[in-house]
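Engineer: This is a predicted model, with the sequence first.
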Amino acid sequence: MKVKIYDKGRAPDVPEHNELGKPTSQKTKVPAKAGSSKWLVTALLVLSFVPLASGIFRLIGLAGGVEIMPANARFSASPLPVVLHILTVSLYAILGAFQFAAGFRLRRPGWHRAAGKLLVLCGLMAGLTGLWLNLFYSRPAGSGELLYAFRLLFGSAMVVSILLGFAAILRGDVIRHRAWMIRGYAIGLGAGTQVLTEFAGALTLGPPDEISKALLMGAGWVINLSVAEWAIRRRSIPSARTASADISHL
């Protein structure tokens with residue numbers, strides 16, 4: 001008698017049957033998963049649009065072009081950290097979104113591996129330059145001690161998450177690698193969610209003061225991390241095929 005052993009947490013590949021008792025094809029489920037990945041990538045890119053657009057406008061102003069955004073003396077006096085932050089955050093947000101396309105990741109493991117290495121560099125640079133701006137630049141109007149502390153906390157958490165994710169894949173620990181990289185990306189994409197939380201706060205509470213502004217921005221990071229933790233636990237038992245593909249990071 002033959003005995004089949006299945007991966008823990010996965011249902012055996014038993015054909016489904018329709019009302020007539022005939023087996024149905026399992027292939028119909030694949031396009032649905034591919035479609036959900038496309039929607040996720042699209043949603044992440046849309047969420048990144050406003051902060052990326054404002055960053056591009058800032059770069060145009062710093063380069064001496066048309067002042068689309070109000071001039072900022074603290075950026076003009078020392079533009080290098082600002083330029084590095086905008087460029088690396090932009091690349092991190094765009095490339096990072098495509099890492100969630102499971103089908104594309106499996107079909108092109110070489111691209112996934114190369115993009116992953118670049119994302120580690122961009123994510124670390126984005127986090128470190130963000131911390132630099134918070135620590136050594138003068139604070140903008142309406143930014144108080146609480147927002148300063150939030151930026152320090154979440155900026156440090158982003159850097160630590162990326163380092164832990166990179167260390168995990170070097171050990172071949174795909175599950176922890178994925179979890180820490182998702183957390184780091186969620187923090188990095190906080191600016192996109194903060195556009196929504198600040199807009200909602202302005203509609204319901206009126207113009208924010210220092211405390212409410214800090215809480216609304218903090219809510220953006222908390223929302224992203226909450227969604228990230230839900231996604232991590234939902235995918236905590238990866239398929240053997242996905243795990244073996246992700247080891248190609250090494």
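Structural biologist: Noted; the coordinates are in hand.

Engineer: low pLDDT regions in the chain?
Structural biologist: Screening the chain residue by residue with the criterion pLDDT under 70, one finds the ranges 1-35, 65-71, 236-250.

Engineer: Residue for residue, what is the longest helix it has?
Structural biologist: With DSSP state H applied, the helix covering the greatest number of residues in the chain is identified as helix 29-62.

Engineer: Distance from it to the middle of the chain?
Structural biologist: The chain centre lies 10 Å from the centre of helix 29-62; the measure is C-alpha atoms, centre = their mean, to the nearest Å.

Engineer: Same question for stretch 162-175.
Structural biologist: Mean-position distance between stretch 162-175 and its chain equals 16 Å (C-alpha atoms, centre = their mean).

Engineer: returning to what we had before: what packs against the longest helix of the chain?
Structural biologist: The helices and strands touching helix 29-62, judged by 3 or more C-beta pairs under 8 Å, 6 or more residues apart in numbering; DSSP states H and E, are helix 73-77, helix 79-98, helix 102-107, helix 190-205. In this view, the C-beta of every residue, glycine as well, is placed from N, C-alpha and C.

Engineer: tilt between it and helix 79-98?
Structural biologist: 170 degrees (axes from the mean of the first three to the mean of the last three C-alpha atoms, to 10 degrees).

Engineer: what angle separates helix 29-62 from helix 190-205?
Structural biologist: Angle between the axes of helix 29-62 and helix 190-205 is 80 degrees (criterion: the same axes, to 10 degrees).

Engineer: Which positions within helix 29-62 qualify as buried?
Structural biologist: 37, 41, 44, 47-48, 51-52, 55, 57-59, 61-62 (16 or more other C-beta atoms under 10 Å).

Engineer: try stretch 173-189
Structural biologist: So stretch 173-189, judged by 16+ other C-beta under 10 Å, has buried residues 173-174, 177-189.

Engineer: For residue 169, which of the helices and strands packed on helix 29-62 is the nearest?
Structural biologist: If you check each of the helices and strands packed on helix 29-62 against residue 169 by C-beta to C-beta, helix 102-107 wins as the nearest, at 13.6 Å.

Engineer: I'd like to know which elements the closest one is packed against.
Structural biologist: Using 3+ C-beta pairs under 8 Å, 6+ apart as the contact definition, the elements that helix 102-107 packs against are helix 29-62, helix 109-136, helix 240-246.

Engineer: Just to check, residue 102 is in contact with residue 41?
Structural biologist: No. Residue 102 is beyond contact range of residue 41, at 10.2 Å (criterion: C-beta atoms under 8 Å).
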